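1. here's a sequence, model it:
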Amino acid sequence: MSTRPSKDLETFPNPNPQRDYTIRIDMPEFTCICPKTGQPDFAQFKLEYVPDQKNVELKSLKLYMWSYREEGAFHEAVTNKILEDLVAATEPRFMRLTGVWNVRGGIYTTVVVEHHQAGWQPAPKVELP
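-> Residues are numbered from 1 along each chain as shown. Now for the predicted structure:
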């Protein structure tokens, strides 16, 4: 596998497709370029998903996120694009991507985008005593 930035997202078969379970991935070192100023933008991304038949391979995810380092992108556009690419690669039952952007000019931005597979319903939340 390469150690250069790449837009290729690799997957592997879900080892437990019969069960709904949640995968949470924190990506604290995302960078891209502000398309207005050319200055770097920094964000932390949090990915949560319920896989169906495929899981995302983590090294390819790291290289994918790295591929944005030299690209100009608005916060909202890049967060939606990343979700679209992840959904296209993995076809999950549910996926949520949260981008928490570092302060720029006194303003913090958080962008949350979601995908729901048609017909999928989450199990009721269990509250333990």
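
2. give me the contact list for stretch 105-115.
-> Residues outside stretch 105-115 that contact it (Cβ atoms under 8 Å, 6 or more residues apart in numbering) are 75-76, 79-80, 83, 87, 92, 94-102. C-betas here are computed from N, CA, C, even on glycine.

3. buried sites along that stretch?
-> In terms of neighbour count (16 or more other Cβ atoms under 10 Å), stretch 105-115 has its buried residues at T109, V111, V113, H115.

4. quick one: the helices in the chain, in order.
-> Listed in chain order, the helices of the chain (DSSP state H) span 58-66, 75-90.

5. adding mean neighbour count and distance to K7, write those helices out as a markdown table.
-> Shown next, in a markdown table, are those (neighbours: other Cβ atoms under 10 Å; distance: least, Cβ to Cβ, whole Å):
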| stretch | mean neighbour count | distance to K7 |
| --- | --- | --- |
| helix 58-66 | 17 | 6 |
| helix 75-90 | 18 | 7 |
